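Got a predicted structure here, sequence first:
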There are 4 protein chains.
Amino acid sequence: MLIVMNPDATETDIWRVVERIESLGFKAHPMPGANRTAIGLTGNQGAVDPAPFAELPGVAECVRVTKPYKLVSRDLKHDKTVIRVGEAEIGGEFAMIAGVCAVESREQTMLTAEVVAEMGCKWFRGGAFKPRTSPYAFQGLAEEGLKILSDARDAFGLRIVTEAVDEPALDLVEKYADVIQIGTRNMQNFSLLRRAGQARKPVLLKRGMSSTLEEFLLAAEYIMSEGNYQVILCERGVRTFGDHSRFTPDLSVIPAAQRLSHLPISSSIPATALAIVKP
Amino acid sequence: MLIVMNPDATETDIWRVVERIESLGFKAHPMPGANRTAIGLTGNQGAVDPAPFAELPGVAECVRVTKPYKLVSRDLKHDKTVIRVGEAEIGGEFAMIAGVCAVESREQTMLTAEVVAEMGCKWFRGGAFKPRTSPYAFQGLAEEGLKILSDARDAFGLRIVTEAVDEPALDLVEKYADVIQIGTRNMQNFSLLRRAGQARKPVLLKRGMSSTLEEFLLAAEYIMSEGNYQVILCERGVRTFGDHSRFTPDLSVIPAAQRLSHLPISSSIPATALAIVKP
Amino acid sequence: MLIVMNPDATETDIWRVVERIESLGFKAHPMPGANRTAIGLTGNQGAVDPAPFAELPGVAECVRVTKPYKLVSRDLKHDKTVIRVGEAEIGGEFAMIAGVCAVESREQTMLTAEVVAEMGCKWFRGGAFKPRTSPYAFQGLAEEGLKILSDARDAFGLRIVTEAVDEPALDLVEKYADVIQIGTRNMQNFSLLRRAGQARKPVLLKRGMSSTLEEFLLAAEYIMSEGNYQVILCERGVRTFGDHSRFTPDLSVIPAAQRLSHLPISSSIPATALAIVKP
Amino acid sequence: MLIVMNPDATETDIWRVVERIESLGFKAHPMPGANRTAIGLTGNQGAVDPAPFAELPGVAECVRVTKPYKLVSRDLKHDKTVIRVGEAEIGGEFAMIAGVCAVESREQTMLTAEVVAEMGCKWFRGGAFKPRTSPYAFQGLAEEGLKILSDARDAFGLRIVTEAVDEPALDLVEKYADVIQIGTRNMQNFSLLRRAGQARKPVLLKRGMSSTLEEFLLAAEYIMSEGNYQVILCERGVRTFGDHSRFTPDLSVIPAAQRLSHLPISSSIPATALAIVKP
């Protein structure tokens, strides 16, 4: 359910609704918008009686949400979400995330970061943990790689986006990076999504390589349902019969996601390790 | 095989090679380039002895073509092909083909054509023959529709692109239109491709909805092997598991096709009946 | 619309309904079942008034068909259709169609036919017209191949299934063979489907390589809407990302088609040029 | 690399090779076959010098493995692997795993287990941890569910197969069940695969819904590279454009996997919660 507040509802009004939701054993997710706040209610099994909320001061209406996702939805929050780290933002003006596929050495990373910063780009990416199809392939420099990325941030004023492949990696990524990336192979690793939902940093969630839009939004919902509302969707190509490119970039998902969700959605161009983010 | 002429080879030199090819029972396809002409040889089963050609005046070299397609290939013709009808062109400057899905009436068509012409667009599309999934759906106005399109050309100075769904339709389309469109469902209708190859007008060939790039190029090769070298490739989306759009637009095929072929390739955006052509 | 007759309706009753349908400018498709006859009405645009039929003797009810296909549907004919040529049948007992990919020579064909007949198989297949991805590949022996197939029939008592790739080929296949095959690349070659619908021989329709079940059934509907109700559906694998087999056999379509349609559906195993037909 | 022992090599010979491999910092994986033992060597970066092994007693030959997977390969172990738990086996005679989708209650589970045991089936499946697309869907009874499954084993002599969705779940599944299932969404959850590779129980690995055969085999390789050689591959359908079934069952992967790997491969029919295992 979704409880929409009046434009002139006070902080106290909102706080009272949140309290009522939690006293009934549910979870409350207040989402401030440009004009008014809506409060998502999750944790229910089946329909929730709107009566205990409708009577509270400042409540405009209680709306039943029929879509399987709630917190990602434009129904809950009409204004688009902008993710900010310092003065860098994703979802507002045009943004680009550039960098290296894997952090292979301090030299390679620093050199690239310098070029990226000179281009005027504010976001830097590079993998310290690499999910590899083969157990025998290079799996990344791990914490050593994160330290290099952190130094690149300090040296060039960049914001760092890097992947967490499991929960121990996420603990480290949360410590060293600015944005936690969840890769395509982990888009339905629900335990990892829940852990990302408990992190205090934004999450860039890559679409699974054969994920439908609904599955993609529900993966974001996993993160948000734990209280982390800072999610960036990232289209990265889908698996098709095509053999002229490794994956088929699916640009048609971008306007479709924007219609349904307030979250920003970016597009990744793997061949060149560039991720272009469009508001 | 591919016979590459010297830059200073004369028309007579070229004509002599063509004659030699034909006297041996093969087909000759001279392709003039910016600097020199290459002559494709088709109709052979297995390897062809280069000796009878290598000795002729003006011949620079004889190259065996190992790819399954020959005439569409950049090996034969390095410069990109530009299709021209009057002063309108596809494959040179940016071009757009706009119009209606089906020609439904004179009024609807004329009104749209006027807007299209005012936009500065030189190409107009509209279906007089519609390939329909159901036998009970409207199949187009046929020759009546072609006459309307022809009138739109006269009224607004537009060039007409329209689909031929079978051989009788192609006879009519060739008569009334400027560019013959072969639709996605007919990309491997090889008899229709051969007939299009005998036409004296350019052919816009849409990619089959689950066609690989090689199959797409070989469909163009069918047309060219009959002597019609005026082929425009058209990407129009592929069939995938995705359910948020009718087809998944595969923009990655455009640079891939440009690497392999000299033919222009356009991209069709079916939802809006627009086909954007990029050199 | 679908006009269901009473179990005791006479031939005259049926004939009267057909006549009434045709007098209104529609097409009538009587389908005798085990207990009673239903008559499909096609050629209408929009809903048809049932009144002129409901009043006729022997009419049980007039049913609006909401699915896009009518004649292929179990709504029209509940009993499954069995295709018979002499004493050979498809759709009744287990049947197998075996043979060669292409008819390459009299010797190869006769030798294979002998083995096939000795196995107890009643159906023989082999291509005289081959739809080839490349214009330079062997396209089949054409009428010469059909004569060889015809001789194999006479010599071994087999029934011949062979592909028609276009309308001239269909004229010949209809003359020499027992079952006309429409290949996967022509499943949406609607002119060819209509021509097959005017043939007096059964049609084996292969599923398009990226065709949905609804598109497949509508392709069969094209054939039936012209009056040829002898259609065998043939699953032959679909195009997926998989690279360990040329196509992914989709056995799940068989029960799904059987639920919706009375037509027999077979499964083709291309690697071994075997087509197994299950009732 | 792969070190093949002579048929008459002794345990001491094998042990000496293992020791030599480990002394060089690599991992040794002895795989006894019907006639002789082969020892896989992993952990190397680039080619390994065969000299230190070729000189050891009992060594027949040292073979470089060029495929990306080694331990799953028929090159290492020609005889097919049979997984045994007590007298129940998978990969030998025909085996069936039957049960419930999710363990919902003691009653439902016991009732089903009784029927399954009466059918003569030796394997029982049911989910105590359910990977759910939506965070708000029922996620399984967790340890409580495992206890119910364990009771079903005791009551009916069945062997239990159940899914582990993350590492804490795997700890519990390993304790209560007989076979650890890794689901399709976790086929490339490499941390979970490594953890399964340290378990002392067999692992049933479901194919990712858009996984190629090579990716599937490499996921099994992850498990085996940690020392757990008891892996059952499980085909469970792939994602395609088809909309008549939830997934398209890809039976063609079964013979393809059997050609490349010695591991048993089963096929899952999700609609009916049956998993049929064929040798």
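Arrived safely, thanks for sending.

make it CA atoms for all contacts and neighbour counts henceforth
Fine.

Look up phi and psi at A:Val115.
The phi/psi pair for A:Val115 (degrees, to the nearest 10) reads phi -60, psi -40.

How many residues are close by it?
14 (other CA atoms under 10 Å in any protein chain shown).

so where do the strands sit in the stretch 1-150 of chain A?
According to DSSP state E, counting those that start in this stretch, the stretch 1-150 of chain A carries its strands in the segments A:2-5, A:27-32, A:37-42, A:59-63, A:83-85, A:88-90, A:95-102, A:123-127.

Neighbouring strands - and their directions - for the fifth one?
The one in question is strand A:83-85. Counting by DSSP bridges, the strands paired with strand A:83-85 are strand A:88-90 (antiparallel).

as a whole number, average confidence for the partner strand?
For strand A:88-90, the mean per-residue pLDDT is 95.

Chain D contacts on the stretch 101-250 of chain A?
A:131-136, A:165-166, A:185-186, A:188-191, A:209-210, A:215, A:218-219, A:221-222, A:225, A:239 (CA under 8 Å from any CA of the partner chain).

Distance of the closest residue to A:Gly25 other than its chain neighbours relative to D:Ala137?
The shortest distance from A:Gly25 to any non-neighbouring residue, by CA to CA, 6 or more residues apart in numbering or on different chains, is to A:Gly43 (7.8 Å). A:Gly43 is 10 Å from D:Ala137, where distance means CA to CA, to the nearest Å.

ok, back up a step: just the residues of the stretch 101-250 of chain A next to chain D that are near chain C?
Within these, those near chain C by CA under 8 Å from any CA are A:Arg239.

and the residue nearest to A:Gly25, what is it in contact with?
A:25-27, D:136 (CA atoms under 8 Å, 6 or more residues apart in numbering or on different chains).

so how far is chain B from it?
Distance from A:Gly43 to chain B, counting by CA to the nearest CA, to the nearest Å: 28 Å.

just to revisit the earlier point, export the strands of the stretch 1-150 of chain A as CSV, with columns for mean neighbour count.
Listed next are the strands of the stretch 1-150 of chain A as CSV, based on neighbours: other CA atoms under 10 Å in any protein chain shown:
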stretch, mean neighbour count
strand A:2-5, 24
strand A:27-32, 20
strand A:37-42, 24
strand A:59-63, 18
strand A:83-85, 16
strand A:88-90, 19
strand A:95-102, 22
strand A:123-127, 27
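
And the helices in the stretch 1-150 of chain A, which stretches?
When secondary structure is read from DSSP state H, counting those that start in this stretch, the stretch 1-150 of chain A shows helices at A:11-23, A:51-54, A:106-118, A:143-156.

which of the residues in the third one are buried?
The neighbour-count check on helix A:106-118 (16 or more other CA atoms under 10 Å in any protein chain shown) flags A:109-110, A:112-114, A:116-117 as buried.

Ramachandran angles for the residue most central in space within chain A?
Chain A has A:Val231 as the residue nearest its centroid, 2.0 Å off, counting by CA atoms, centre = their mean. Main-chain dihedrals, A:Val231, degrees, to the nearest 10: phi -120, psi 130.

How many residues are close by the residue lying closest to it once chain neighbours are set aside?
Spatial nearest neighbour of A:Val231, chain neighbours left out: A:Val203 (4.9 Å); criterion: CA to CA, 6+ apart. Using other CA under 10 Å, A:Val203 has 29 neighbouring residues.

Was I right to think A:Val203 contacts A:Arg194?
No. The pair A:Val203 / A:Arg194 is not scored as a contact, 11.4 Å apart, by CA atoms under 8 Å.

ok, back up a step: who are the neighbours in contact with the residue nearest to the centre of chain A?
Contacts of A:Val231 (CA under 8 Å, 6+ apart): A:83, A:202-205, A:220, A:223-224, A:263-264.

List phi and psi for the residue nearest to A:Val231.
phi -120, psi 130.

who's it bridged to?
Beta-bridge pairing for A:Val203 (DSSP bridges): A:Ile180, A:Val231.

State the distance from it to chain B.
Counting by CA to the nearest CA - A:Val203 and chain B are separated by 24 Å.

What residues does that residue make contact with?
With CA under 8 Å, 6+ apart, A:Val203 has these contacts: A:179-182, A:196, A:230-232.

how close does A:Pro68 get to A:Val203?
For A:Pro68 relative to A:Val203 (CA to CA), the value is 21 Å.

Equivalent analysis for A:Pro52, please.
34 Å.

Kindly state the pLDDT recorded for the nearest residue to A:Ala38 once chain neighbours are set aside?
Among residues not flanking A:Ala38 along the chain, A:Val4 sits closest, at 4.3 Å (CA to CA, 6+ apart). What the model reports as pLDDT for A:Val4 is 94.
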